[in-house]
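Asker: How does the following fold in three dimensions:
(one chain, ligands or ions: 1)
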Amino acid sequence: MSAIPPPSAHLQVETIRVGYQLGAHMHEIVHSLSFALQRGEIGCLLGQSGCGKTTVLRAIAGFESLIAGRIALGGKELSNAQHTTVPEARHVGVVFQDYALFPHLSVSDNIGFGLRKLGASERNVRIKKLLELVGLQAQEKKFPHELSGGQQQRVALARALAPQPDLLLLDEPFSNLDVDLRERLASEVRDILKEVGTTAVLVTHDQHEAFAIADQIGVMQNGVIVQWDQAYNLYHRPASRFVADFIGQGVFVSGTVNQHDVAIELGTLPLCQGLPVCDVDEQGEVDVLLRADDVIHDDSSPLKAEVVRKAFRGAEFLYTLKLPSGQQLLALVPSHHDHALGEHIGIRVEADHVVTFPRQD
Ligand SMILES: Nc1ncnc2c1ncn2[C@@H]1O[C@H](COP(=O)(O)OP(=O)(O)OP(=O)(O)O)[C@@H](O)[C@H]1O
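Answerer: Predicted coordinates for the structure are as follows:
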């Protein structure tokens with residue numbers, strides 16, 4: 001799935017293999033992984049704990065050498081199997097999960113830390129600009145312990161951006177923050193990176209964070225990228241059952257492909273709606289992915305399903321519904337439709353893109 005990057009890309013990660021030496025044995029963690037980013041693009045490696053995302057980031061930063069492959073930035077080769085340019089010569093900034101601010105330095109001095117080569121007035125102008133960029137003008141004299149987690153992470157971002165790196169790496173930068181704040185800060189960070197035009201790679205296990213910040217997302221599984229795509233396509237056109245399961249909420253129901261449509265317990269769904277070419281991979285018995293937002297609550301529908309579980313999400317309920325056959329579905333329903341467990345409610349399916357996979361028993 002990971003294609004060889006185009007030679008014009010700003011960041012080229014090309015068939016890299018990375019591992020850790022355990023005694024006499026090299027334990028390979030990342031297997032021939034490739035992706036590329038154009039200048040100013042934000043990429044994200046998204047995957048479960050232990051899949052190797054941080055290892056890829058460390059290889060790009062120059063903390064790990066390559067067993068094979070190459071990494072190039074701005075046309076300059078930084079790593080291959082024979083050579084690893086040291087981290088400090090790469091012009092790559094890193095923002096860590098734990099902020100790693102200097103506790104004894106003020107916000108301004110933290111931001112200006114990497115600007116010591118500049119003259120005092122140039123340095124101050126740059127610090128002021130960065131404070132403005134991250135919205136911390138009022139906090140410039142404070143020390144890290146006087147700031148909230150979100151503010152500290154903004155200082156870390158400003159400090160990493162100060163030397164105008166060719167690439168910024170963000171290693172789970174929001175994982176110490178509240179869930180609510182995470183997504184908000186992720187989209188603020190996106191705005192900041194877009195304003196300065198910095199190319200960036202983020203690693204996270206949180207898909208909402210990935211969706212809020214990235215232009216392109218690589219879903220990782222066991223040291224490989226299984227799909228490199230935009231968030232919309234990962235959700236609506238997952239390339240594998242693993243991606244379908246990992247991204248978003250949904251279930252698989254059994255179906256039978258019949259020329260250009262698929263018959264499921266809830267009716268018949270067109271397989272190629274809106275597509276210029278109808279190219280149906282699977283034939284016969286399949287599993288059909290139904291997202292929670294594909295299942296619509298409709299009192300007038302003759303199709304009924306029993307509410308077996310419900311989770312209040314504020315604006316919506318996430319209902320788990322049981323069909324007469326026993327198959328279960330998920331449905332996101334506006335929360336003013338408050339139905340009791342055991343109640344039978346009318347539903348219909350409204351799926352834009354029908355995604356099928358070979359039947360798995
Ligand atoms: N220094 C190391 N020496 C040996 N093995 C390591 C080292 N660092 C990581 N690993 C192993 O490499 C695998 C991938 O680790 P990595 O940190 O890249 O995963 P990750 O996807 O970033 O996970 P997490 O989200 O938990 O940080 C894990 O099995 C881990 O135990």
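
Asker: buried set for the helix ranked longest in the chain?
Answerer: In the chain, taking DSSP state H as the definition, the longest helix is helix 179-196. Going by neighbour count (16 or more other CB atoms under 10 Å), the buried part of helix 179-196 is 181-183, 185-186, 188-190, 192-193. Where C-beta positions appear, they are placed from N, C-alpha and C, glycine not excepted.

Asker: These: which two are farthest apart?
Answerer: Spatial extent of the buried residues of helix 179-196 (CB to CB) is set by the pair 181 and 193 at 17.9 Å.

Asker: Excluding chain neighbours, what is closest to residue 288?
Answerer: Distances taken as CB to CB, 6 or more residues apart in numbering place residue 255 nearest to residue 288, at 4.3 Å, with adjacent residues excluded.

Asker: Give me the helices and strands touching the helix or strand hosting that neighbour, please.
Answerer: Following DSSP states H and E, one finds residue 255 within strand 250-258. Counting by 3 or more CB pairs under 8 Å, 6 or more residues apart in numbering; DSSP states H and E, the packing neighbours recorded for strand 250-258 are helix 241-246, strand 261-264, strand 284-291, strand 328-334, strand 355-358.

Asker: Can you list the strands that that strand pairs with?
Answerer: As defined by DSSP bridges, the strand partners of strand 250-258 come to strand 261-264 (antiparallel), strand 284-291 (antiparallel).

Asker: Just name the most buried of the ones you listed.
Answerer: Highest mean neighbour count of the strands paired with strand 250-258: strand 284-291, a mean of 21 (counted as mean count of other CB atoms under 10 Å).

Asker: Who are the packing partners of the very next helix or strand once past it?
Answerer: The C-terminal neighbour of strand 284-291 among helices and strands, as given by DSSP H and E, is strand 295-297. Packing partners of strand 295-297 (3+ CB pairs under 8 Å, 6+ apart): strand 328-334, strand 344-349.

Asker: so where do the helices sit in this structure?
Answerer: Going by DSSP H, the chain shows helices at 53-61, 107-111, 120-133, 149-161, 179-196, 207-213, 231-236, 241-246.

Asker: If you average pLDDT over each of those helices, which is lowest?
Answerer: Lowest mean pLDDT of the helices of the chain: helix 179-196, a mean of 85.
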